[in-house]
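Asks: here you go, sequence then predicted model.
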There are 2 protein chains.
Amino acid sequence: MAKTAGRPPRSQSDIVEFRSKIAKHAVAIYRAEGFGAVSMRRLAKEVGCAPMTIYAHFEGKQDILRYLWADVLADMSDEIQEILKLIVAPDERLQTAAQTFVSYWIDHPDHFRLVFMSNDVTRSDVSTFVMDEETLAHFRVFSDLVQAVLQDHSNLKASTDTLISGMIGIAFCLNTIRDYPWADATMMTDRLLTSIIGPTKSIP
Amino acid sequence: MAKTAGRPPRSQSDIVEFRSKIAKHAVAIYRAEGFGAVSMRRLAKEVGCAPMTIYAHFEGKQDILRYLWADVLADMSDEIQEILKLIVAPDERLQTAAQTFVSYWIDHPDHFRLVFMSNDVTRSDVSTFVMDEETLAHFRVFSDLVQAVLQDHSNLKASTDTLISGMIGIAFCLNTIRDYPWADATMMTDRLLTSIIGPTKSIP
DNA sequence: CATTATTATAGCACGCGTATCAATTAAAAG
DNA sequence: CTTTTAATTGATACGCGTGCTATAATAATG
């Protein structure tokens, strides 16, 4: 079983290196000039390769944007963790985390758009998201927080998922449907929590 | 105060006529070939005018898509009204309407994308939606249904808005974040309703 | 008729995501 | 060295949303 002649395929490390180089520049552009500035042609110029070379390493733009999501999601997660340090009561922890989550996306509409709405219109697939382990972890936080509050663990998953999709829904609506006079986000989040942990008194 | 010379501005009826002509063709293209096929150039060809002429009558593509929303929203509303005919109990009416609403968007991902996710990426504004009276009415249905169930009307708005954004959130998440193993949509909707009308037994 | 105000058009431009394809370069084996 | 294979490049292309400009068509007034 001798090796075949000719140039060998890209080594695994080369692939990783190139991908992370692209990712690094993508994040830099996004941070400096926002979502609209991140384009394949621009990225290629920045990195110093032909636009089509990128397609040898990524499936498409969507595939690159995932690296930006990671960046944003980590930022959001940090914000939540930071606040949770100060709180011990399980129900207060859940409430605070939820409020912080919702606030984050309302305070950073560009981040929200990037993570949740950067679907490519030309593709027929609506699906935006591909969950890797790291991304999943950011959402599992809520599973843990809900678990700490719920006495009945039988429908932990349903509760958690309702909470997550509900929070995203609130952020989504306030971001995209601006004409509608939505109720206060904090109130809505509070009300949403009711379906999980029962009536609460809001945190001052 | 004599009229000035020269060709008079478009009459109001001319404007309306042209707009609805564009809208008609847009709906036709969308119905026949889906979201991706609706483009300004295509639309112009279909209607028989220069692409840029459309911009004299519409602010941009977004402005045209509103007519498609109206079409889809009416369809969804009809589906809800149809089912509600058979139900009298207020709480059951609310539950059924909510489940139908969520199901509609999950069963029609293309419609969901059109209505809720057709933002133009090049524009920096995330906002997609402009609510006209007609569109608002489709959402007010839920306000009425909630009102019929709630004894305490003091936080009717918060409850309704939480429900609406929650339902949209469920539809949104199931449509766009496909990798995540979401709980059953019916269960989540049920749980969401809990925050509004308290614990319910699900409808068989 | 001519004048004039308005709309409509064609043509070009920019940048976008993405695809194709021939030509070139790089790295290994013989 | 040459040969072989893979990676990269450049050019070109399509269609997209949208803007600009110069020109033509239109419909009223005087």
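Replies: Arrived safely, thanks for sending. Residues are numbered from 1 along each chain as shown, chains lettered A, B, ... in the order given.
Asks: A:Ala44 and chain B: what is the separation?
Replies: Per Cβ to the nearest Cβ, to the nearest Å, A:Ala44 is found 19 Å from chain B. (Glycine included, C-beta is placed from N, CA and C.)
Asks: for that residue, which three-state class applies?
Replies: Assigned by DSSP: H, G, I helix; E, B strand; the rest coil, the conformation of A:Ala44 is helix.
Asks: now do the contacts for it.
Replies: A:Ala50, A:Pro51, A:Thr53, A:Ile54 (Cβ atoms under 8 Å, 6 or more residues apart in numbering or on different chains).
Asks: out of those, who's nearest A:Asn175?
Replies: Closest approach to A:Asn175 among the contacts of A:Ala44 (Cβ to Cβ): A:Ile54, at 29.4 Å.
Asks: what's the neighbour count on the closest one?
Replies: Number of residues near A:Ile54 (other Cβ atoms under 10 Å in any protein chain shown) recorded here: 21.
Asks: for chain A, what spans make up the helices?
Replies: A:12-33, A:40-47, A:61-84, A:90-107, A:109-117, A:133-149, A:156-176, A:185-197 (DSSP state H).
Asks: A:Glu134 contacts A:Ala70, correct?
Replies: Yes - A:Glu134 lies in contact with A:Ala70 (Cβ atoms under 8 Å); the separation is 6.3 Å.
Asks: neighbour count for these two, which is higher?
Replies: Between A:Glu134 and A:Ala70, counted using other Cβ under 10 Å, A:Ala70 has the larger neighbour count: 17 against 12.
Asks: and among the helices of chain A, the most buried is which?
Replies: Across the helices of chain A, averaging neighbours per residue (mean count of other Cβ atoms under 10 Å in any protein chain shown) puts helix A:156-176 on top, at a mean of 25.
Asks: alpha carbons of that one, as PDB, please.
Replies: Taking Å, rounded to 0.1, in the frame of the first residue of the first chain, the C-alpha atoms of helix A:156-176 are listed here in PDB:
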ATOM      1  CA  LEU A 156     -38.000  19.600  31.800                       C
ATOM      2  CA  LYS A 157     -37.300  19.600  28.100                       C
ATOM      3  CA  ALA A 158     -40.700  21.000  27.100                       C
ATOM      4  CA  SER A 159     -40.400  23.700  29.600                       C
ATOM      5  CA  THR A 160     -36.800  24.700  28.600                       C
ATOM      6  CA  ASP A 161     -37.600  24.700  24.900                       C
ATOM      7  CA  THR A 162     -40.700  26.700  25.400                       C
ATOM      8  CA  LEU A 163     -38.700  29.200  27.400                       C
ATOM      9  CA  ILE A 164     -35.900  29.400  24.800                       C
ATOM     10  CA  SER A 165     -38.200  29.700  21.800                       C
ATOM     11  CA  GLY A 166     -40.300  32.200  23.700                       C
ATOM     12  CA  MET A 167     -37.400  34.400  24.600                       C
ATOM     13  CA  ILE A 168     -36.100  34.300  21.000                       C
ATOM     14  CA  GLY A 169     -39.600  35.100  19.900                       C
ATOM     15  CA  ILE A 170     -39.800  38.200  22.000                       C
ATOM     16  CA  ALA A 171     -36.400  39.400  20.800                       C
ATOM     17  CA  PHE A 172     -37.400  38.500  17.200                       C
ATOM     18  CA  CYS A 173     -40.700  40.400  17.400                       C
ATOM     19  CA  LEU A 174     -39.300  43.500  19.000                       C
ATOM     20  CA  ASN A 175     -36.500  43.600  16.500                       C
ATOM     21  CA  THR A 176     -38.400  42.900  13.300                       C
END
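Asks: by contact count, what packs against that helix?
Replies: Contacts defined by 3 or more Cβ pairs under 8 Å, 6 or more residues apart in numbering or on different chains; DSSP states H and E place helix A:156-176 against helix A:90-107, helix A:109-117, helix A:133-149, helix A:185-197, helix B:156-176, helix B:185-197.
Asks: so can I have CSV of these showing distance to B:Lys21 and mean pLDDT?
Replies: Formatted as CSV, the helices and strands packed on helix A:156-176 follow (distance: least, Cβ to Cβ, whole Å; pLDDT from 0 to 100):
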stretch, distance to B:Lys21, mean pLDDT
helix A:90-107, 39, 97
helix A:109-117, 31, 91
helix A:133-149, 46, 92
helix A:185-197, 41, 91
helix B:156-176, 31, 95
helix B:185-197, 38, 91
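Asks: can you list the ones you listed in TSV and add distance to DNA strand C?
Replies: What follows is the helices and strands packed on helix A:156-176, written out as TSV (distance: least, Cβ to the nearest atom of the strand, whole Å):
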stretch	distance to DNA strand C
helix A:90-107	23
helix A:109-117	13
helix A:133-149	20
helix A:185-197	31
helix B:156-176	16
helix B:185-197	29
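Asks: and whichever residue of chain A sits closest to DNA strand D, how many residues sit next to it?
Replies: In chain A, the residue that lies nearest DNA strand D is A:Gly6 (2.0 Å; Cβ to the nearest atom of the strand). Using other Cβ under 10 Å, A:Gly6 has 6 neighbouring residues.
Asks: and the contacts of A:Ala44, which two are the farthest apart?
Replies: A:Ala50 and A:Ile54 (8.2 Å).
Asks: who's in contact with the most centrally placed residue in chain A?
Replies: By Cα atoms, centre = their mean, chain A has its centre lying nearest to A:Leu73, at 4.4 Å. Neighbour list for A:Leu73: A:Val115, A:Thr135, A:His138 [criterion: Cβ under 8 Å, 6+ apart].
Asks: out of those, which is nearest to chain B?
Replies: Each of those was scored against chain B by Cβ to the nearest Cβ, and A:Thr135 proved nearest at 8.7 Å.
Asks: ok, A:Cys49 - how many residues close by?
Replies: That count, for A:Cys49 with other Cβ under 10 Å as the rule, works out to 16.
Asks: domain ranges for chain A?
Replies: Following automatic domain parsing, one gets these domains for chain A: A:10-58, A:65-197.
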